[in-house]
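> Predicted model and sequence below, questions to follow.
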Amino acid sequence: MRRALVPLVAGLLGLAGTLGATLYLHRAANAALDRVLEERILGVGDTASEMVGRSLPSAATLRAVMDANQLEGIFLLAPDLVVLADATGVPGRKADLLRVDRSRVEQALAGRPSLAFSYALGDVRVATGYFPVHGGDGKIHAVLALEGGQSLAGARDGLRRALLGGVTLSALVALALGFVAFRWARGEEQRRTAATLAAKGEAVSRMAAMVAHEIRNPLGTIRGAAELVRARASATLSAPDVEALGDILGEVERLRRLTEDFLDLAGRRPFAPVPVDVSEIAEEAARALGRTHPTVPVEIALPSLRVNADPARLRQVLANLCVNAAQAGATRIEVTGRANGSTAEIDVRDDGPGIDPGMRDRLFDPFATGRKDGTGLGLAICRRIVEAHGGRIEAVPGEPRGTTFRMRLPLAPG
């Protein structure tokens with residue numbers, strides 16, 4: 001009974017975590033769009049109310065201001081709610097009380113400008129700002145009203161599609177985690193024999209390929225929606241809002257890399273080995289780490305070691321080892337190497353806290369991790385890639401400080 005609860009709990013935790021993150025990012029992006037609209041209306045209102053106070057504007061003048069600032073309406077109201085000028089309508093009529101908030105007009109006549117989302121046109125929320133207009137005598141004679149919201153409708157549609165994709169992805173991740181947990185719980189009882197371990201490995205490979213293929217399509221939907229928001233509104237977003245969009249795309253990229261890890265775990269990605277210089281690959285891995293962990297330097301001291309390897313996969317191994325070190329708390333990483341007969345030995349050494357003794361025997365097992373936010377795939381992927389190249393990887397025992405991972409790969413002939 002207890003084993004049966006493991007996949008259920010894992011699935012529920014995965015669903016809660018990914019769904020919570022999706023909803024949070026959706027709310028943050030929506031709030032960012034609201035702030036863009038509010039700042040736009042407030043900025044235009046302050047400037048336009050001064051311009052209107054000098055003389056009664058024409059509809060063409062108001063229309064030019066409205067179009068220049070991507071608004072949907074600008075009109076001038078007398079204290080008795082008669083429309084004095086309107087960018088999109090005929091002046092001289094009483095204002096439509098379904099469109100105008102009388103209490104906010106009164107606030108503006110008392111000298112207090114305000115802004116609120118007052119009504120909706122279909123699914124589009126419309127924000128209206130009310131600004132006092134001072135005459136030449138310094139007294140408030142009218143109220144300028146500005147409406148906006150339609151210009152961000154496309155971005156909001158993209159967010160809704162992203163939310164749907166995120167919810168779908170959350171369900172898929174929960175199912176995947178539940179399935180992984182089910183296989184793990186079942187496999188833990190069967191680890192005593194080599195035959196059972198082989199069967200478990202094959203099952204995990206099939207599961208990993210299934211998860212990767214199922215996640216790819218929702219990821220594309222989320223990425224497209226987030227990039228649409230950035231393309232349409234990035235010029236008017238504040239720094240925190242740009243950062244929020246960057247977080248969304250960063251999470252999408254993290255999940256994309258996770259699907260690639262699943263495919264590697266399943267052995268479903270083909271290799272394309274060619275003679276490569278290990279030092280060049282290490283430099284590329286170091287630059288990649290610099291983009292995510294700029295405070296952790298990577299020192300490379302490698303002779304000319306040419307191995308027959310898939311450059312992208314070898315780069316992935318070195319990048320995984322460097323990222324693991326940085327995430328574990330290392331402040332410095334060193335990549336060294338040497339030729340030993342027909343074998344290249346490459347060491348990735350860090351000054352972090354070292355390996356938990358309780359984890360050392362399971363270090364390269366899939367889903368074994370000592371970090372709360374870890375997936376337990378990085379080192380398992382490294383071992384699979386290195387062994388597919390005819391090599392070996394191990395954690396060097398007896399290190400006085402930090403951790404050293406050593407790869408042994410066959411040197412390229414010639």
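Right, received. Where do you want to start?

> quick one: strands adjacent to whichever strand or helix holds T404?
Element membership for T404, per DSSP states H and E: strand 403-410. Strand pairing for strand 403-410, using DSSP bridges, gives strand 343-350 (antiparallel), strand 392-395 (antiparallel).

> Name the helix or strand for L76, please.
strand 73-77.

> just checking, what packs against that strand?
Helices and strands touching strand 73-77, by 3 or more CB pairs under 8 Å, 6 or more residues apart in numbering; DSSP states H and E, are helix 59-68, strand 83-86, strand 140-148. No exception for glycine: its C-beta is placed from N, CA and C like everyone else's.

> Kindly reformat these as TSV containing mean neighbour count, mean pLDDT and distance to I300.
Shown next, in TSV, are the helices and strands packed on strand 73-77 (neighbours: other CB atoms under 10 Å; pLDDT from 0 to 100; distance: least, CB to CB, whole Å):
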stretch	mean neighbour count	mean pLDDT	distance to I300
helix 59-68	15	86	54
strand 83-86	19	90	68
strand 140-148	23	89	53
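
> need these in TSV with distance to S238, can you?
Supplementary listing: the helices and strands packed on strand 73-77 in TSV, determined by distance: least, CB to CB, whole Å:
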stretch	distance to S238
helix 59-68	20
strand 83-86	31
strand 140-148	17
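
> For the stretch 51-200 of the chain, give me the ranges with low pLDDT.
Residues of the stretch 51-200 of the chain that meet the criterion pLDDT under 70 lie in 118-124, 151-159, 170, 173-174, 177-178, 180-182, 184-200.

> rerun that using 80 as the cut-off
Residue ranges of the stretch 51-200 of the chain with pLDDT under 80: 52-54, 98, 117-125, 136, 149-200.

> what's the answer for the stretch 301-414 of the chain, then?
Applying pLDDT under 80 to the stretch 301-414 of the chain flags the ranges 366-378, 400, 414.

> about what we covered before: what angle separates the strand holding L76 from strand 140-148?
160 degrees (axes from the mean of the first three to the mean of the last three CA atoms, to 10 degrees).

> State which helix of the protein is the longest.
In the chain, with assignment by DSSP state H, the single longest helix is helix 2-54.

> list the helices and strands that helix packs on?
Helix 2-54 packs on helix 59-68, strand 114-121, strand 124-134, strand 140-148, helix 153-188, helix 194-233, helix 239-266, going by 3+ CB pairs under 8 Å, 6+ apart.

> quick one: strands adjacent to the third one?
Going back to what we said before, that points to strand 124-134. Using DSSP bridges, the strands paired with strand 124-134 are strand 114-121 (antiparallel), strand 140-148 (antiparallel).

> Give me the angle between it and helix 2-54.
Using the same axes, to 10 degrees: strand 124-134 against helix 2-54 is 30 degrees.

> After the helix or strand harbouring A326, which helix or strand is next? Please name it.
Assigned by DSSP H and E, A326 belongs to helix 311-328. For helix 311-328, the succeeding helix or strand toward the C-terminus, using DSSP H and E, is strand 333-340.

> Next, the buried residues of that following strand.
Across strand 333-340, burial judged by 16 or more other CB atoms under 10 Å covers 333-337.

> likewise stretch 291-307?
So stretch 291-307, judged by 16+ other CB under 10 Å, has buried residues 293, 296, 298, 300, 302, 305-307.

> Show residues contacting that stretch.
Identification of contacts with stretch 291-307 by CB atoms under 8 Å, 6 or more residues apart in numbering yields 275-279, 282-283, 285-286, 289-290, 314, 322-323, 325-326, 330-339, 344, 346, 389, 409-412.

> what about it, how long is it end to end?
When the termini of stretch 291-307 are compared using CA to CA, to the nearest Å, they are 27 Å apart.

> tell me, how many neighbours does P410 end up with?
14 (other CB atoms under 10 Å).

> Please apply the same query to V348.
By the criterion of other CB under 10 Å, V348 has 26 neighbours.

> wait, what's in contact with it?
318, 321-322, 325, 333-335, 404-405, 407.

> at 7 Å instead, please
By CB atoms under 7 Å, 6 or more residues apart in numbering, V348 lies in contact with 318, 321-322, 333, 335, 405.
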